[in-house]
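Enquirer: predicted model and sequence below, questions to follow.
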Amino acid sequence: MAKLSLGLQLGYWGAQPNPNFVAQAQCAEKLGFDSVWVAESWGNDCFTPLAWIGAQTSSIRLGTAVAQLSARTPTACAMASLALDHMSGGRMILGLGASGPQVVEGWYGQPYAKPVTRTREYVHIIRQVLAREAPVTNDGEFYPLPYHGPNSWGMGKPLKPIVHPLREDLPIFIGAEGPRNVTQTAEIADGWLPLYYSPYRQEVYADQISGAKPGFEVSPIVLVNVHDNVEEALYPVKAMLGFYIGGMGSKARNFHKELMSRMGFTDEAEQIQQLFFEGKRDEAIAAVPSQFADEISLCGPKERIAEKLKDWENSPVTSLLISGDETLMQTMAELTL
């Protein structure tokens, strides 16, 4: 039975920055949390808040969950990562993700084609920058280096980073859901960031992560809600699932819905999406099965959560990324660390 570590997932900002995000990170560090993570979508970026946190902490690892591929070129992403790694004394974790077609094409104005291939190419370039063994080159279709395509001046040449990276082995994690993407993540990355994971259905991912190298980390986001009534405790989990499965994607393609189907809830996933598209959001949330919501979260009385943690410890999961106030972080530290 492997001991789990804890990470604090700060997620996105809303209309305004969370005024307590630095204090939360400092609290997590004092409690012995291993990591703190910042997300980005079409609002805040992830590197700026993480640098702010890094300047006011000393030991907790600093992760992006996730930096979107389309937000910056691979070399720009590598530059931000090596800079933050230097400034934090080697605490950076680069979490990457392809996002989805709505964001990539609607916000970044780029095609979403071949996300798995694009991810591989992106990581390959970042690894070259961090290794700093030779000028960086790439023959791939998405990020050719040097660029000699349309409108090129023909003057580009391969370059090495001026700054010597602090660590060649700066860890790269990937947020992946589809079978091909997860399989590739186990092959090319140091860790995997599942949006949701069930320790009771390990067979869903067993083959896909079987090729991971030793030390590979699995760090899912796990919603924790301490409450005497289990069904009431599960409501925020159902609300999250209803939004992701119903609304985060088109009718034709929704990666979250497809994952729920692979985990054994095909009919329920279809119903949730149908209700959401009909504008019946409350009914969509109510249609989320309690069993599914319960499997991917830690909800209910404290004693029940302590018992369920044993199931997570008996899975490939290495760290639980949780969100919550100081009281919740304290409770989880007592139960887990």
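Expert: That came through, no problem.
Enquirer: and the strand or helix carrying residue 79, what does it pack onto?
Expert: Element membership of residue 79 [criterion: DSSP states H and E] is helix 74-88. Taking 3 or more CB pairs under 8 Å, 6 or more residues apart in numbering; DSSP states H and E as contact, the helices and strands that helix 74-88 lies on are helix 47-54, strand 92-97, helix 115-131. In short, each C-beta sits where N, CA and C put it, glycine included.
Enquirer: tell me the mean pLDDT for that helix?
Expert: In this model, helix 74-88 has a mean pLDDT of 98.
Enquirer: returning to what we had before: how about the helices and strands packed on helix 74-88, which one is nearest residue 73?
Expert: Nearest to residue 73 among these is helix 115-131 (8.3 Å), distances taken as CB to CB.
Enquirer: buried residues, that closest one. List them.
Expert: Using 16 or more other CB atoms under 10 Å as the test for burial, helix 115-131 gives 115-116, 118-123, 125-130.
Enquirer: now swap in stretch 212-229 and tell me
Expert: For stretch 212-229, a neighbour-count test (16+ other CB under 10 Å) marks 212, 216-227 as buried.
Enquirer: ok, residue 2 touching residue 312?
Expert: No: look at residue 2 against residue 312 with CB atoms under 8 Å: they stay out of range, at 9.4 Å.
Enquirer: which one's more surrounded, these two?
Expert: Comparing residue 2 with residue 312 by neighbour count (other CB atoms under 10 Å), the higher total belongs to residue 312, at 22 against 11.
Enquirer: next up, the contacts around the more buried one.
Expert: 4, 199, 222, 298, 320 (CB atoms under 8 Å, 6 or more residues apart in numbering).
Enquirer: quick one: contacts for the last one?
Expert: The neighbours of residue 320, taking CB under 8 Å, 6+ apart as the test, are 4, 5, 6, 7, 219, 220, 222, 298, 312, 332, 336.
Enquirer: spit out the contact partners of the second one.
Expert: Read it as residue 5. Counting by CB under 8 Å, 6+ apart, residue 5 touches 33, 34, 35, 318, 319, 320, 336, 337.
Enquirer: count the neighbours of residue 190 for me.
Expert: When neighbours are counted by other CB under 10 Å, residue 190 registers 18.
Enquirer: low pLDDT regions in the stretch 51-200 of the chain?
Expert: Nowhere does the stretch 51-200 of the chain drop to pLDDT under 70.
Enquirer: next, count neighbours for residue 332.
Expert: 26.
Enquirer: equivalent analysis for residue 291, please.
Expert: 13.
Enquirer: and the residue lying closest to residue 44 once chain neighbours are set aside, what does it touch?
Expert: Leaving aside its chain neighbours, residue 44 sits nearest to residue 13 (4.4 Å; criterion: CB to CB, 6 or more residues apart in numbering). If you count contacts by CB under 8 Å, 6+ apart, residue 13 has them with 43, 44, 49.
Enquirer: now, which of the residues you listed sits nearest residue 110?
Expert: Among those, and counting by CB to CB, the member closest to residue 110 is residue 43, at 18.1 Å.
Enquirer: could I get the pLDDT score of the closest one?
Expert: Per the predicted model, pLDDT is 96 at residue 43.
Enquirer: same question for residue 256.
Expert: Listed pLDDT for residue 256 reads 88.
Enquirer: quick one: it from residue 100, how far?
Expert: Distance, residue 256 to residue 100, by CB to CB, to the nearest Å: 9 Å.
Enquirer: name the residues contacting each of these two.
Expert: Common contacts of residue 256 and residue 100 (CB under 8 Å, 6+ apart): 248, 249.
Enquirer: just the buried ones out of the contacts of residue 13, please.
Expert: The neighbour-count test (16+ other CB under 10 Å) marks 44, 49 as buried among the contacts of residue 13.
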